[in-house]
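Q: Sharing a model prediction with you, sequence too.
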Amino acid sequence: MNDVGSHAELDPRRALPFSKAVLPVLRNPQLRKNVAHAIDVIQAKRARLVAEKTDWQALRTAASAIRAHALENLGAYLEQFEERCTAAGGTVHWAADADEARRIILDLLRHEKASEVIKIKTMTSAEIQLNPFLEANGVSAFETDLAEIILQLGEQEPSHIVVPALHVNRSQVREIFARRMGLKNLSDDPKELTNAARTYLRQKFLSIPTAISGANFLIAETGSVAVVESEGNGRMCLTLPRTMITLAGIEKVLPRFQDLEVMLQLLARSATGERMNPYTSLWTGVTAGDGPQSFHVVLLDNGRSSILAKPKQRQTLKCIRCAACMNACPVYRQTGGHPYGSVYPGPIGAILTPQLMQMKFAQSLPYASSLCGACYEVCPVKINIPEVLLELRAQVVNQERRERDRFFDPMYVGLRIANLLFAKAWLFHAAQRLGRIGLGLFTRKDGWIHSLPSIGAKWTQTRDLRGLPDESFHEWWAKRGPQPDKEAK
Amino acid sequence: MRASLFITCYNDTLYPETGRAVVRLLERLGVEVEFHPQQTCCGQMHANTGFRGEAFSQAKRFVRLYQETETVVIPSSSCVAMIRDQYPGLFEELGNEELRRQYAALLPRVYELSEFLIDRLSVEDVGAYFPHRVVYHASCHGVRALHLGERPYRLLAKVRGLALATLENVDRCCGFGGTFSVKNAEVSSAMLAVKLQDVIATGAEYCTALDNSCLMHLGGAMHRQYAGMKTIHLAEILASTEDAPAEATL
């Protein structure tokens, strides 16, 4: 029961290569059913709501331009954000990496003498593995997003950035809640499950005065922070606690308040297939008598500025975390998020994770795509994910081809030889004739190949291959010549 | 009008019948077909696997080989997508100004087969006869890179005797993805299984496409599973007549 997606390793430093990590998932029919069902529902809703926007492509173009402009002037906009946020009573902290961000947050919590903290869903905190760090330092962090509660109580990892528990179905939720909340008679009725979560949450909201959030957007012009969510848990965290700590990647900044007009239209439709998300919270520094009276923003770099420095890859940082790419991805639909070995799965994860890891880990992820282009088609900020995947693949090959053990890797050998052959037509043609003889040994009487050795076995494990024809096209052409005999067929 | 056929490396080796069909089809339409004997590969396999230097050699070779050519016709949308979408980046990265100029001059004369028929020759009815139930697989590069749109359907609609089946999730990838199919063979196979369900559910006799790479993937699984459906490149359907039916049907 509890084996569904549990204990997945989402640390790219320790994760298995994608091709290995997918195997337990591909053999898990319940998990695949849960993922495909959830994805298909969101996809259909998104498609319906995108279709009703006649200016969808214009919105995408505008959003892409806004995000690109923000990134090209990131330093200036971040300084402006810091200045305006500080003027409004907030405190801005700069963290170069995960370690520094964790220590800043822990220091702030210690200053508050907090032993417990409530959290609004934030993938950035998962990126820096904040919860286990806080736990090890005597601070219990409680997630308040329903899906995050399911995962936290079920000791599972998120498999999606917007619907992190989409791999879990409701009977599995019932099992987790019944076990962890001590509710033996709980049914899997959604209303009963929601009520159980609500009761659990109310007690946390009313008793814990310190909260941690992420940010969907930082507004440079006003120094405001924006969080969009669906359940109202964010709104509770933004009104009840005394202290709010917001952790945000440096790329989250938007130049102007009015840029939200474009972003919010795209985000809700792309993420959850809604015209408008239920709760959009915007706050600016500290307001006397209203909401948290102590407010901190931790701006996290953690590899982002090195992505920014590379012109072809910079577009990765335009991402607004809507997850439309993973919902559209035919690979993700089969595998869910866990095999990506990162809190950022799917196509955006396949380009973001290896870059955040400075290409030292997660080198299998740029290959976790058939390059079908569905991600680029749906991306609300027009990130050309296939283009970045290819860029990263080229970097992986440049790294690997210097490694001694790759020299005899069948794929490397094959592609090196193919390159020599393609340089001269006569060599290519000679290789075709050799291939005809070689593959002929594996070709059955029906003219098909059912089994091949080495890397070919990867093909024939599920697919046959038609044997090579007796005559290649160019051989046929050479016999026929360019002037066809009108009588001949 | 003259058109030079770039057959592509894998069609030359594995699917010569597609090339023969293109020749027959175009000559029937009054086009003088040429074939450059020095041609090999567009470089897609290397570029998509990350072997950029190698891909550049092949891209350079392609551009130099065809710079004097009136029109190049390619019966593979992924190879056309390689030439259109990836060559500019390769040439820019290597900063070869002369190649960039030659490429820019050549590009408007490079056509995928259905583009050539509809956009250049302005024909939809190519005089084909193919009395079979057919399902069209809209390959990813055809849909999202070349934006072929209705072109293949307009051609199919004019084929006498042909009954076109409707495919659910028509723009979903078959899972081939070039070296993806062996590097991530298990995921590729899982995607293929899902695609094949939709394709088989149409009850068609033939599955057609503008890419033999997808058809090699789908057809390989059909053959393995005794699915009772065959694959055939769209060129072969369009070349087929009462007097000379497609080789795949014989």
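A: The structure has been received and is ready for your questions. Computed from a prediction, not measured in an experiment: that's the story for all the values here.
Q: residues near A:Gln363, how many?
A: Taking other C-beta atoms under 10 Å in any protein chain shown as the criterion, the count of residues near A:Gln363 is 20. C-beta coordinates here come from the backbone N, C-alpha and C atoms, glycine included.
Q: what's the spacing between whichever strand or helix holds B:Ala104 and its chain's center?
A: For B:Ala104, the enclosing helix or strand under DSSP states H and E is helix B:97-106. The chain centroid and the centroid of helix B:97-106 are separated by 24 Å under C-alpha atoms, centre = their mean, to the nearest Å.
Q: now stretch A:205-216
A: Mean C-alpha position of stretch A:205-216 versus that of the full chain (C-alpha atoms, centre = their mean) differs by 24 Å.
Q: Tell me which stretches of chain B form strands.
A: Assigned by DSSP state E, chain B shows strands spanning B:2-5, B:32-34, B:72-74, B:110-112, B:133-136, B:163-165, B:206-209, B:230-233.
Q: cool, the stretch 301-450 of chain A as well?
A: Residue ranges of the strands in the stretch 301-450 of chain A, as given by DSSP state E, counting those that start in this stretch, are A:448-449.
Q: Tell me, please, where in it the pLDDT is lower than the cut-off.
A: Within the stretch 301-450 of chain A, not a single segment meets pLDDT under 70.
Q: dump the residue contacts of the residue lying closest to A:Gln461 once chain neighbours are set aside.
A: Spatially, and ignoring its direct neighbours in sequence, A:Gln461 is nearest to B:Ala185 (6.2 Å; C-beta to C-beta, 6 or more residues apart in numbering or on different chains). B:Ala185 makes contacts with A:19, A:458-459, A:461-462, as judged by C-beta atoms under 8 Å, 6 or more residues apart in numbering or on different chains.
Q: how does it look with 10 Å?
A: Residues near B:Ala185 by C-beta atoms under 10 Å, 6 or more residues apart in numbering or on different chains: A:19, A:455, A:457-463, B:175.
Q: what's the answer for B:Ser4, then?
A: If you count contacts by C-beta under 10 Å, 6+ apart, B:Ser4 has them with B:32-36, B:39, B:65-66, B:68-74, B:109-110.
Q: what does B:Cys174 give?
A: Under the criterion of C-beta under 10 Å, 6+ apart, the contact list for B:Cys174 reads A:330, A:370, A:372, B:137, B:139-140, B:181, B:188, B:191-192, B:194-196, B:198-199, B:207, B:209, B:211, B:213-218, B:221.
Q: got the strands of chain B as TSV, with mean pLDDT columns?
A: Putting those into TSV (pLDDT from 0 to 100) gives the following:
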stretch	mean pLDDT
strand B:2-5	97
strand B:32-34	96
strand B:72-74	98
strand B:110-112	98
strand B:133-136	98
strand B:163-165	98
strand B:206-209	98
strand B:230-233	98
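Q: I'd like the ones you listed as TSV, with distance to A:Val25 appended.
A: Formatted as TSV, the entries for the strands of chain B read as follows, by distance: least, C-beta to C-beta, whole Å:
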stretch	distance to A:Val25
strand B:2-5	44
strand B:32-34	49
strand B:72-74	37
strand B:110-112	36
strand B:133-136	29
strand B:163-165	32
strand B:206-209	28
strand B:230-233	29
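Q: Now the longest helix along chain A: buried residues?
A: Taking DSSP state H as the criterion, chain A has its longest helix at helix A:29-51. Neighbour counts using 16 or more other C-beta atoms under 10 Å in any protein chain shown place A:30-32, A:34-35, A:38-39, A:42-43, A:46, A:49-50 of helix A:29-51 among the buried residues.
Q: Please name every helix or strand in contact with it.
A: Helix A:29-51 makes packing contacts with helix A:18-26, helix A:56-72, helix A:170-181, helix A:259-271, helix A:324-328, helix A:330-335, helix A:374-378, helix B:185-201 when contacts are defined by 3 or more C-beta pairs under 10 Å, 6 or more residues apart in numbering or on different chains; DSSP states H and E.
Q: Using the record's domain definitions, break chain B down for me.
A: Following automatic domain parsing, chain B resolves into domains at B:2-120, B:133-249.
Q: Let's have those in CSV, adding distance to A:Leu389.
A: What follows is those, written out as CSV (distance: least, C-beta to C-beta, whole Å):
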stretch, distance to A:Leu389
domain B:2-120, 9
domain B:133-249, 11
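Q: can you tell which of these is closest to A:Ile105?
A: Nearest to A:Ile105, of all these, is domain B:133-249, at 36.9 Å by C-beta to C-beta.
Q: How far off centre is the closest one?
A: 11 Å.
Q: coming back round to it: out of the helices and strands packed on helix A:29-51, which is the most enclosed?
A: For those, ranked by mean neighbour count under the definition mean count of other C-beta atoms under 10 Å in any protein chain shown, the leader is helix A:324-328 at a mean of 29.
Q: Can you tell me which helices and strands that helix packs against?
A: Using 3+ C-beta pairs under 10 Å, 6+ apart, the elements in contact with helix A:324-328 are helix A:29-51, helix A:259-271, helix A:330-335, helix A:346-356, helix A:374-378.
Q: could you redo the last one with a cut-off of 8 Å?
A: Contact partners of helix A:324-328 among helices and strands, from 3 or more C-beta pairs under 8 Å, 6 or more residues apart in numbering or on different chains; DSSP states H and E: helix A:29-51, helix A:346-356, helix A:374-378.
Q: give the contact list for A:Gln315.
A: Contacts here follow C-beta under 8 Å, 6+ apart; on that basis A:Gln315 touches A:68, A:383-384, A:388.
Q: got a winner among these for most neighbours?
A: A:Val388 (26 neighbours).
Q: Now for that one: which residues touch it?
A: With contact set as C-beta under 8 Å, 6+ apart, A:Val388 has these partners: A:312-313, A:315-316, A:351.
Q: Okay, now the unreliable bits of the stretch 1-150 of chain A?
A: By pLDDT under 70, the weakly predicted segments of the stretch 1-150 of chain A are A:1-8.
Q: and it, which of its residues are near chain B?
A: The interface of the stretch 1-150 of chain A toward chain B, taken as C-beta under 8 Å from any C-beta of the partner chain, is made up of A:18-19, A:22-23, A:26, A:32.
Q: can you rerun that using 10 Å?
A: Selection of the stretch 1-150 of chain A residues close to chain B by C-beta under 10 Å from any C-beta of the partner chain yields A:17-20, A:22-23, A:25-27, A:32, A:36, A:40.
Q: centroid residue for chain B?
A: What sits nearest the mean C-alpha location of chain B, by C-alpha atoms, centre = their mean, is B:Ser76, with 2.1 Å.
Q: got a pLDDT number for that one?
A: According to the per-residue confidence, B:Ser76 scores 98 in pLDDT.
Q: Now do the same contact list for it.
A: Counting by C-beta under 10 Å, 6+ apart, B:Ser76 makes contact with B:6-11, B:15, B:18, B:42, B:44, B:82, B:112-113, B:139, B:141-142, B:209-213, B:233.
Q: gap between it and B:Gln102?
A: According to C-beta to C-beta, to the nearest Å, B:Ser76 stands 22 Å off from B:Gln102.
Q: returning to that earlier point: just the buried ones among the contacts of B:Ser4, please.
A: For the contacts of B:Ser4, a neighbour count by 16+ other C-beta under 10 Å gives the buried set as B:33-36, B:39, B:65-66, B:69, B:71-74, B:109-110.
Q: Of the contacts of B:Ala185, which one scores lowest on pLDDT?
A: Across the set of the contacts of B:Ala185, A:Ile455 stands lowest in pLDDT, at 91.
Q: That one: what's it in contact with?
A: Taking C-beta under 10 Å, 6+ apart as the contact definition, A:Ile455 lies against A:409-411, A:413-414, B:179, B:182-183, B:185.
Q: switch the cut-off to 6 Å
A: Going by C-beta atoms under 6 Å, 6 or more residues apart in numbering or on different chains, A:Ile455 touches A:410, B:182.
Q: wouldn't B:Glu17 be in contact with B:Thr249 here?
A: No - between B:Glu17 and B:Thr249 there is no contact under C-beta atoms under 6 Å: 11.2 Å.
Q: Show me which of the two is the more surrounded one.
A: When B:Glu17 and B:Thr249 are compared on other C-beta under 10 Å, the one with more neighbours turns out to be B:Glu17, at 21 against 15.
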